[in-house]
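Engineer: I would like to see how this sequence folds:
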Amino acid sequence: MGDPGLFTPDSVTWQMHGDPMMWVAGVRALYLQALHPRAVRGVMQNSDFRRDAWGRLMRTAHFVGTTTYGTTEAAERAGARVRKIHSMLTATDPDTGERYGIDEPGLLLWVHCAEIDSYLQVLRRSGFPLTDAQADRYIAEHRISARLVGLDPQTVPASRAELAAYFATVRPELAVGDEARAVDDFLLRPPTHVLLVPAREVLWRRVAQLAYAALPPYAHELYGRPAPAPAVVTRRLRATGTLLRCVPARVRWQLPPKHILRAMARLGPGARPAPYKVGR
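Structural biologist: Okay, the predicted model is just below:
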């Protein structure tokens, strides 16, 4: 038996993160994260987001895959790399001239909570079977990923109630500035080769619009762009989830860097993630 890693095949996280709706959830997380002016400013001032947003999305997916399905050593190494990079980066508030580190605990906590909320909300609304208790367990499990990026796990929400209380507390800090508008514009119209523009309009725009629609109502108000009623959005999420889950898992998992397939090779076929295993 190989090293099961930080989460192990017995975790809710192990089963959830193998679901194809994680990609839609990841886009929702970007929309939500962009609503915190200090956090999104740190991204825009330290990376060429407009030209390398795909790379950023893939690096996030690689980090999530490594920390979920990789060995303990690989997960700890990935966390150390993220902490080192963040410790060297700063951002400047253009209104006050304040210079601050992007590894401020408050900013790291916002990014963490926006991601975990997005993964949980999108998967549950799209039909991934989770009881409220299992949803709480998922949130609590991610005190592990919070530690990896430099947070004190005891300061991180560990249930749906604590996560909701956190969002209620932070909402007055949220706003849509130029940086958030840039993220919104990119996600709707990412740069692409001229021959791929029709595919972008037909496929990608639908993904981005669905991810945006899945945001909480206060986010729609801040962006100033309406969304369908929550019940309509849930139906669309469920239809999309049903469609994507029809693609055989082993076909989906062939996409690089093949974290799940490597974990199954290391731990055996019993490590295969599946929704029905959540309740075990």
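Engineer: kindly provide the distance from Thr67 to Pro94.
Structural biologist: Here Thr67 is placed at a distance of 34 Å from Pro94 (C-beta to C-beta, to the nearest Å). Bear in mind the C-beta positions are built from the backbone N, C-alpha and C, glycine included.
Engineer: ok, these two, which is more surrounded?
Structural biologist: Set Thr67 next to Pro94 and count neighbours by other C-beta atoms under 10 Å: Thr67 wins out with 25 against 11.
Engineer: quick one, what contacts that one?
Structural biologist: 5-7, 75, 78-79, 144-145, 148 (C-beta atoms under 8 Å, 6 or more residues apart in numbering).
Engineer: over to Met21?
Structural biologist: Contacts of Met21 (C-beta under 8 Å, 6+ apart): 122-123, 126, 128, 237, 240-241, 244.
Engineer: the closest residue in space to Leu109 that isn't next to it in sequence: neighbour count?
Structural biologist: Leaving aside its chain neighbours, Leu109 sits nearest to Leu151 (6.1 Å; criterion: C-beta to C-beta, 6 or more residues apart in numbering). Leu151 is flanked by 18 other residues according to other C-beta under 10 Å.
Engineer: ok, Leu151 to Asp184 distance?
Structural biologist: The gap separating Leu151 from Asp184 is 27 Å, by C-beta to C-beta.
Engineer: beyond the helix or strand of the chain with the lowest mean pLDDT, next helix or strand please.
Structural biologist: Every helix and strand of the chain was ranked by mean pLDDT, DSSP states H and E. The lowest is helix 197-199, at a mean of 62. Following helix 197-199 in sequence order, the next helix or strand is helix 205-213 (DSSP states H and E).
Engineer: tell me the buried residues in that following helix?
Structural biologist: 208-213 (16 or more other C-beta atoms under 10 Å).
Engineer: between the residues you listed, which is closest to Val251?
Structural biologist: Set against Val251, the nearest of the buried residues of helix 205-213 by C-beta to C-beta is Leu210 (21.8 Å).
Engineer: now do the same contact list for the closest one.
Structural biologist: Applying C-beta under 8 Å, 6+ apart to Leu210 gives the contacts 24, 233, 236-237, 240.
Engineer: over to Gln45?
Structural biologist: Residues near Gln45 by C-beta under 8 Å, 6+ apart: 91-92.
Engineer: Tyr100 versus that one, what's the distance?
Structural biologist: 11 Å.
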